[in-house]
Structures are given as C-alpha cells and as structure tokens.
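Enquirer: This is a predicted model, with the sequence first.
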Amino acid sequence: MAVHKLPLGDFDEIDYQLIAIHSPLEDYRLAYYINQNLPINLSKSSCNIQISTKEGESEFSRFIFEDKKKDISWNLIQNINDVFSLSQTNNQGLFAESNNKFSTKIYFIPEFKKVNYFLKIENGEVPIEVETITNCIKKIDRVSTVYAVEVEKIKSKNNLIF
C-alpha cells in the first residue's frame with residue numbers, strides 16, 4: 001500500500017493581509033465610514049467570533065463583505081472587549097452578601113492591546129494594495145492611526161482562523 005504524505009508548508013501559507021486601526025468610534029460607525037471611503041459594503045455578521053481565555057469567554061463583533069468577482073473577503077473585527085464578572089462574598093458581618101461587579105478586558109490579538117479594530121483582507125489570487133487601503137482609512141475623521149501588521153510576527157494567529 002502506498003503512503004501519501006502532504007507537506008505542511010502548503011497549509012501554513014498566509015493568504016491574508018491585516019490592517020490595524022486605532023479609533024474611538026463604535027464598530028458600526030467605523031464600518032459605515034469604511035464603506036464610504038472604500039468600494040466595499042461591510043455588513044454586520046450574524047456570527048460573532050468567540051474566544052476563550054483564562055479570564056473567561058468573550059465574543060468579538062464582526063462586519064464582513066465578500067467580493068465574489070475578485071474573490072476577496074473583508075472582515076472588520078473589534079480587538080477589545082469587556083467581560084463582566086460577579087464576585088460574591090458570603091461573610092457574616094456588617095456587609096454580608098454583597099455582590100461586586102468588575103470588568104476584565106479581553107483582546108482578540110493580545111500582542112496589540114492599543115489597537116481598537118483589525119481589518120482582515122483574505123484574497124485568493126488578486127494582489128491587494130495595502131498602502132492605498134490604509135491611506136483611504138486614514139481620511140476618516142476620528143481614526144488616529146492605520147498601519148499594516150506583519151502577520152508572521154503574531155503569536156496568536158490562531159484567533160484569525162474563523
């Protein structure tokens with residue numbers, strides 16, 4: 001019987017670009033402004049991205065546009081999410097049975113804690129001009145910084161598989 005081996009290098013290939021966006025805008029407003037400045041039509045995805053960490057589980061909102069003609073998929077993903085937890089104290093005393101609510105920040109890509117959003121552009125065979133895209137996004141009011149991220153240096157790239 002013949003044994004077929006598949007080289008793992010074929011599966012490890014990165015076929016997407018990642019752009020970091022620093023902006024205090026809400027996700028739906030940023031998606032609207034990106035739609036105005038780029039020839040795309042981002043819309044809210046019904047499936048959020050779920051991530052489990054030691055702090056807890058969190059869902060990150062996602063806006064998506066699939067260009068069937070050019071075989072390009074655009075994803076706008078929030079990077080920072082708050083998880084609220086309740087801690088209960090059952091001590092007998094003056095302040096017995098108090099519930100304290102506290103929040104913990106969870107990051108989609110923890111290496112970039114200052115980034116508010118990521119724009120992931122998955123492409124098939126068409127080359128993407130990242131510099132042109134970043135220049136268009138920089139024109140949006142209340143976007144402070146936009147830059148391309150080197151995906152090879154990210155430790156948590158598994159979060160980008162969805």
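Expert: Perfect, I can see it now. Everything quoted here is computed from the prediction, not taken from an experiment.

Enquirer: so where's this structure shaky on pLDDT?
Expert: Low-confidence segments of the chain (pLDDT under 70): 1, 5-14, 84-102, 124.

Enquirer: all helices for this structure, in order.
Expert: Counting by DSSP state H, the chain has helices at residues 27-37, 130-138.

Enquirer: roughly how far out does the first one sit from the chain middle?
Expert: The gap between where helix 27-37 is centred and where its chain is centred comes out at 15 Å by CA atoms, centre = their mean, to the nearest Å.

Enquirer: Could I get the buried residue list for it?
Expert: Neighbour counts over helix 27-37 (16 or more other CB atoms under 10 Å) mark 27, 30-31, 33-35 as buried. To be clear about C-beta, it is placed using only N, CA and C from the backbone, and glycine gets the same treatment.

Enquirer: between those residues, which is closest to Leu18?
Expert: Taking CB to CB as the measure, Leu18 lies nearest Ile34 of the buried residues of helix 27-37, at 14.9 Å.

Enquirer: quick revisit: rebuild the buried residues of helix 27-37 as CSV, extending it with distance to Ser61.
Expert: Converted to CSV, the buried residues of helix 27-37 look like this (distance: CB to CB, whole Å):
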residue, distance to Ser61
Asp27, 5
Leu30, 11
Ala31, 9
Tyr33, 16
Ile34, 14
Asn35, 16
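
Enquirer: For Asp71, which of the helices of the chain is the nearest?
Expert: When these are compared by CB to CB, helix 130-138 sits nearest Asp71, at 16.6 Å.

Enquirer: by how many degrees do the closest one and helix 27-37 diverge?
Expert: 120 degrees (axes from the mean of the first three to the mean of the last three CA atoms, to 10 degrees).

Enquirer: got the contact list for helix 130-138?
Expert: The contact list for helix 130-138 (CB atoms under 8 Å, 6 or more residues apart in numbering) reads 17, 19, 21, 34, 37-38, 119, 121, 143, 146-148.
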